[in-house]
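In: pasting the sequence and the predicted coordinates here, then a few questions.
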Amino acid sequence: MQYADLLIETHDKVAVIRLNRPKAMNALNDNMMNELGDALYKFDADPAIHVIILTGSEKVFAAGADIAAMANYTYADTYPGNYIGRNWEHILNVRKPVIGVVSGYALGGGCELAMMCDFLIAADTAKFGQPEIKVGVTPGAGGTQRLPRAIGKSKAMDMLLTARMIDAQEALNTGLISRVYPADKVMEESLGVAQAIAAMPVTVAMAIKDSVNRAFETTLSEGVRYERRYFHAAFGTPAQKEGMSAFLEKRQPNFDGK
Ligand SMILES: CCCCCCCCCCCCC/C=C/C(=O)SCCNC(=O)CCNC(=O)[C@H](O)C(C)(C)COP(=O)(O)OP(=O)(O)OC[C@H]1O[C@@H](n2cnc3c(N)ncnc32)[C@H](O)[C@@H]1OP(=O)(O)O
């Protein structure tokens, strides 16, 4: 797969999508988002790929929406054509695990894109922020909705209203990210995490992802019912048979193809 604004690599069952607009700090523009949607759709449909890593460069994950591209937009340029909205559904509809790996800046739309990933691993150089207010707009891809759910209302409101960034340690402390590694090790370590997940039964990983995401959309009792349907269904799959028999036989399970 060849793209203008993405770099693509695969490592066994792990696909790595790297945002690649270095001259604009990986600012998110129309073409990059369309290419990202295409790459995610193809990897999500590829049975050889079990996990996707979304990352940027060592210096920046993404510095937000492309300010130069939208600076002269009017209401007529945004609302009728659903500016932004028409690009993001694909990212939210990926069914396989997507790990966001952030080095450097994840700001504005870049932080919003990172928060659409299933969990985040950061380098100790990472900085997260939603500075949209500084350029006269609100977040437009979920920043005011996912950030408070991820880190709590008080710190989210602080970040959104002051445009301040938080570093990797503060992001870890707040639960915005799951792990932090030294910048020169973060990709190696993240690939190890992704490969560990890729060795698990991909159908169960997808069911867990779907159930966790459901928790943000429904009541607790309905969410438990939703989860339990997956739990019951697992007993109709080879993964459950392999997983439980491997445990009883005191051997490592082999979930390939299960
Ligand atoms: C069909 C529909 C299309 C939709 C698809 C696209 C939409 C996807 C996103 C939607 C998100 C919803 C709404 C979100 C809005 C925003 O994100 S608003 C922008 C918020 N971000 C910021 O305000 C950060 C802006 N950048 C900075 O503050 C700094 O660049 C930095 C990140 C702190 C780094 O500073 P420094 O190291 O000093 O580098 P700079 O010299 O500032 O930058 C280097 C060059 O990169 C350009 N650049 C940086 N950020 C952006 C950006 N967001 N947009 C465009 N260009 C950017 C910068 O201008 C420099 O360029 P040159 O001057 O040409 O060197």
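Out: Here it is on my side, so go on.
In: dump the residue contacts of the closest residue to the ligand within the stretch 101-250 of the chain.
Out: Nearest to the ligand, among the residues of the stretch 101-250 of the chain, is Gly108, at 2.4 Å (Cβ to the nearest ligand atom). Backbone N, C-alpha and C define where each C-beta goes, glycine included. For Gly108, the contact set (Cβ atoms under 8 Å, 6 or more residues apart in numbering) comprises Ala63, Gly64, Ala65, Gly129, Gln130, Pro131, Glu132, Pro139, Gly143.
In: now, those that are in strands?
Out: Counted as lying in strands by DSSP state E, out of these, are Gly129.
In: could I get the contacts of Gly108 as CSV with neighbour count and distance to the ligand?
Out: CSV is the format used below for the contacts of Gly108 (neighbours: other Cβ atoms under 10 Å; distance: Cβ to the nearest ligand atom, whole Å):
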residue, neighbour count, distance to the ligand
Ala63, 25, 4
Gly64, 27, 3
Ala65, 27, 4
Gly129, 23, 8
Gln130, 29, 8
Pro131, 19, 4
Glu132, 22, 5
Pro139, 22, 6
Gly143, 21, 7
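In: now, which of the contacts of Gly108 lie within helices?
Out: Under the assignment DSSP state H, the contacts of Gly108 contribute Gly143 to helices.
In: can I get the contacts of Gly108 in a markdown table with pLDDT and distance to Asn29?
Out: Below are those laid out as a markdown table (pLDDT from 0 to 100; distance: Cβ to Cβ, whole Å):
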| residue | pLDDT | distance to Asn29 |
| --- | --- | --- |
| Ala63 | 98 | 12 |
| Gly64 | 98 | 11 |
| Ala65 | 97 | 8 |
| Gly129 | 98 | 19 |
| Gln130 | 98 | 19 |
| Pro131 | 98 | 18 |
| Glu132 | 98 | 16 |
| Pro139 | 97 | 17 |
| Gly143 | 97 | 18 |
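In: check what pLDDT Ile91 gets.
Out: Ile91 is assigned a predicted lDDT (pLDDT) of 78.
In: that one - nearest residue in space that isn't next to it in sequence?
Out: Excluding its sequence neighbours, the residue lying closest to Ile91 (Cβ to Cβ, 6 or more residues apart in numbering) is Met116, at 5.1 Å.
In: do you know how far Thr144 is from Ala171?
Out: To Ala171, Thr144 is 18 Å away according to Cβ to Cβ, to the nearest Å.
In: when those two are compared, which one has more neighbours?
Out: Set Thr144 next to Ala171 and count neighbours by other Cβ atoms under 10 Å: Ala171 wins out with 25 against 15.
In: residue numbers of the stretch 101-250 of the chain in contact with the ligand?
Out: Residues of the stretch 101-250 of the chain lying close to the ligand by Cβ under 6 Å from any ligand atom are 105, 107-109, 112, 131-132, 134-135, 137, 139-141.
In: re the thing from before, how close does the residue of the stretch 101-250 of the chain closest to the ligand sit to Glu132?
Out: Taking Cβ to Cβ, one finds Gly108 at 5 Å from Glu132.
In: between those two, which contacts overlap?
Out: Gly64, Pro139, Gly143.
In: can you give me the strands for this structure?
Out: For the chain, applying DSSP E gives strands covering 6-11, 14-19, 51-55, 60-62, 98-102, 105-107, 119-123, 127-129, 166-167, 179-181.
In: save those strands as a markdown table, and put in distance to Arg86 too.
Out: Putting the strands of the chain into a markdown table (distance: least, Cβ to Cβ, whole Å) gives the following:
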| stretch | distance to Arg86 |
| --- | --- |
| strand 6-11 | 19 |
| strand 14-19 | 19 |
| strand 51-55 | 19 |
| strand 60-62 | 18 |
| strand 98-102 | 20 |
| strand 105-107 | 22 |
| strand 119-123 | 25 |
| strand 127-129 | 25 |
| strand 166-167 | 30 |
| strand 179-181 | 33 |
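In: minimum distance to Ala215: which of those has it?
Out: Among these, the nearest to Ala215 by Cβ to Cβ is strand 119-123 (14.1 Å).
In: other residues contacting the closest one?
Out: By Cβ under 8 Å, 6+ apart, the residues outside strand 119-123 that reach it are 58, 99-104, 114, 168, 171-172, 176-183, 186, 189-190, 193.
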